[in-house]
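Asker: quick one, what's the 3D model for this:
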Amino acid sequence: MKKLSRAYLVITAFAAVGCVFLLFDRGEYDVATSFRNAVECPDASSDHCYQLYPGVIRAVHVDQTSSGQEDRVDIDSAGTTIHVALRPAAGDASLIQAGAPVTVEWYVGSVATVLIGGRAIPSVSSPTTHANFAYIGWALVWLAALFWAVLLVDRRVMALFAAVRILPAAAQVQALASREVILPGGTTGWVVKPRPQQTLLLPFLLAALALISVRPLMSSGSRPLAVLGDILLFGPLIVRFALTLRNGRIMGDQSSMTRVSWLGRARTWPLSDIELAAVLGVRWSDWAVPAIWFIDGDENFLFGASSLYWNLDEIGALCVKLGVPIEDYVPIRPRRRSLARLAVSFAALLITGAFLVYSFLPLPPSNT
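Answerer: Okay, the predicted model is just below:
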């Protein structure tokens, strides 16, 4: 309970700080709007007025900062020398030279813009060149929403998994008995098809929602690369999921059980080789995912079915019909994945992560 309370406090803090940044950005956006709507008039204290004064550049010192070129300029204007830091665009940098005539635009007591040859070059104090607080704010709010959704999924998963029964209800056994069919080998028996739980779909929907919602934070020119990364990550998973629903089967008759994989490959075991069906809690992150593993007399794993893809009550009903004993629920660690599968998973995550990180660069422009 304490961990849950701390998690909600962290989520609230992220959301609150994000909202503060959004309020800052909104305030600067309003200032920028007032500046754009201002007219030339002598009132230097009003945000509805700006003033223009001619001048000449005396000296220029160029600096390179993390946000681009910044020129510190001395300008003789209105009988005095003013010191201004300008942020020119790449095409305007060559215009800032000593001796160049300029027009200085003042707004609410500070230099907002310097006009050179008809080009407006903003100063660092211009209302149009503020930090992109909206980018930071929306990122924090997005993270808060993501953390909250993870907590929601975690609670739903734990609630659903806690409801898994060791033995199927009599109604499940009767329902399966009424669905006796002719199997591919010519015998009569029963077939259980994959039936994914919503706990499998929730993380995928959450990931898709996160990726869609983060798109406005990305640089528009690099979003196609992020989409390519999404396809590389989710494409194989979607194909695997679709093929599992199409091809996956667990079939049984009075003498054997057959498991059909997602690739359509069938393997059959005589019932005499199946010692028991163990209902297990396979550890996946912080969740113990219920699954049924079929074990032989030497305690070797034959095949299994996870509750993420299968209704364990239906498989349990099949075990009851075939006389396969069902053992108690025991939390265990999953079997180790092969190095090849781990390498493929790591490569997919690495490529997707690289595409996602690159898609944020350069940062999108401010909302002003």
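Asker: drop to CA atoms for contacts and neighbour counts, all remaining ones
Answerer: Will do.
Asker: in the protein, which spans are helices?
Answerer: 2-36, 133-162, 170-177, 198-213, 223-247, 312-322, 339-358 (DSSP state H).
Asker: compute the inter-axis angle for the fifth one and helix 339-358.
Answerer: Angle between the axes of helix 223-247 and helix 339-358 is 150 degrees (criterion: axes from the mean of the first three to the mean of the last three C-alpha atoms, to 10 degrees).
Asker: packing partners of helix 223-247?
Answerer: If contacts are counted by 3 or more C-alpha pairs under 8 Å, 6 or more residues apart in numbering; DSSP states H and E, helix 223-247 sits against helix 339-358.
Asker: related to what we said a few turns ago, deepest of the helices of the chain, which one?
Answerer: Greatest average neighbour count among these goes to helix 312-322 (a mean of 21), per mean count of other C-alpha atoms under 10 Å.
Asker: now it: average pLDDT?
Answerer: Mean per-residue pLDDT for helix 312-322: 87.
Asker: which one is residue 119 nearest to, not counting chain neighbours?
Answerer: Once flanking residues are discounted, residue 119 sits nearest to residue 92: 7.5 Å by C-alpha to C-alpha, 6 or more residues apart in numbering.
Asker: that neighbour against residue 122, yeah?
Answerer: No - with contact defined as C-alpha atoms under 8 Å, residue 92 does not count as touching residue 122 (10.8 Å).
Asker: the more surrounded of the two?
Answerer: Taking neighbours as other C-alpha atoms under 10 Å, residue 92 and residue 122 compare with residue 122 leading, 22 against 14.
Asker: contacts only, for the more buried one.
Answerer: Residues in contact with residue 122 (C-alpha atoms under 8 Å, 6 or more residues apart in numbering) are 86, 87, 88, 112, 113, 114, 128, 129.
Asker: check the gap between it and residue 65 for me.
Answerer: 16 Å (C-alpha to C-alpha, to the nearest Å).
Asker: what do you get for residue 149?
Answerer: 38 Å.
Asker: need the contacts of residue 122 in a markdown table with distance to residue 55, pLDDT and neighbour count, can you?
Answerer: Output for the contacts of residue 122, formatted as a markdown table (distance: C-alpha to C-alpha, whole Å; pLDDT from 0 to 100; neighbours: other C-alpha atoms under 10 Å):
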| residue | distance to residue 55 | pLDDT | neighbour count |
| --- | --- | --- | --- |
| 86 | 15 | 88 | 24 |
| 87 | 18 | 83 | 23 |
| 88 | 18 | 85 | 22 |
| 112 | 14 | 87 | 25 |
| 113 | 13 | 89 | 25 |
| 114 | 9 | 91 | 26 |
| 128 | 22 | 78 | 21 |
| 129 | 22 | 74 | 16 |
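Asker: and those, which is closest to residue 61?
Answerer: residue 86 (10.3 Å; C-alpha to C-alpha).
Asker: now that closest one. Nearest residue, chain neighbours left out?
Answerer: Once flanking residues are discounted, residue 86 sits nearest to residue 123: 4.2 Å by C-alpha to C-alpha, 6+ apart.
Asker: count the neighbours of that neighbour for me.
Answerer: 23.
Asker: do I have it right that residue 196 meets residue 312?
Answerer: No - taking contacts as C-alpha under 8 Å, residue 196 lies outside contact range of residue 312: 10.6 Å.
Asker: and this structure, what are its domains?
Answerer: Listed domain ranges for the chain are 38-122, 166-358 (source: automatic domain parsing).
Asker: and these: which comes nearest residue 24?
Answerer: Closest among the domains of the chain, using C-alpha to C-alpha: domain 166-358, at 17.2 Å.
Asker: low-confidence stretches in the stretch 1-150 of the chain?
Answerer: Segments of the stretch 1-150 of the chain classed as low confidence (criterion: pLDDT under 70) are 1-5, 66-68, 130-131.
Asker: returning to what we had before: so which of the helices of the chain gets nearest residue 273?
Answerer: With C-alpha to C-alpha as the measure, helix 312-322 is the member of these nearest residue 273 (12.8 Å).
Asker: show me what the closest one is packed against.
Answerer: Looks like helix 312-322 contacts helix 170-177, strand 188-192 (3+ C-alpha pairs under 8 Å, 6+ apart).
Asker: okay if I get those as JSON lines plus distance to residue 49?
Answerer: Output for these, formatted as JSON lines (distance: least, C-alpha to C-alpha, whole Å):
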{"stretch": "helix 170-177", "distance to residue 49": "79"}
{"stretch": "strand 188-192", "distance to residue 49": "76"}
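Asker: now the domains of the chain as a markdown table including distance to residue 25?
Answerer: Output for the domains of the chain, formatted as a markdown table (distance: least, C-alpha to C-alpha, whole Å):
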| stretch | distance to residue 25 |
| --- | --- |
| domain 38-122 | 18 |
| domain 166-358 | 14 |
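Asker: looking at these, which is closest to residue 14?
Answerer: When those are compared by C-alpha to C-alpha, domain 166-358 sits nearest residue 14, at 15.9 Å.
Asker: please give the centre-to-centre distance between the closest one and its chain.
Answerer: Centre-to-centre, domain 166-358 and its host chain are 23 Å apart (C-alpha atoms, centre = their mean, to the nearest Å).
Asker: how about the domains of the chain, which one is nearest residue 23?
Answerer: Proximity to residue 23 (C-alpha to C-alpha) singles out domain 166-358 among the domains of the chain, at 17.0 Å.
Asker: give me the pLDDT value at residue 166.
Answerer: pLDDT for residue 166: 56.
Asker: that should have said residue 368, apologies.
Answerer: pLDDT for residue 368: 41.
Asker: mind checking how far stretch 80-94 is from the chain centre?
Answerer: On C-alpha atoms, centre = their mean, the centre of stretch 80-94 falls 40 Å from that of its chain.
Asker: buried ones in that stretch?
Answerer: For stretch 80-94, the neighbour count (16 or more other C-alpha atoms under 10 Å) marks 82, 84, 85, 86, 87, 88, 93 as buried.
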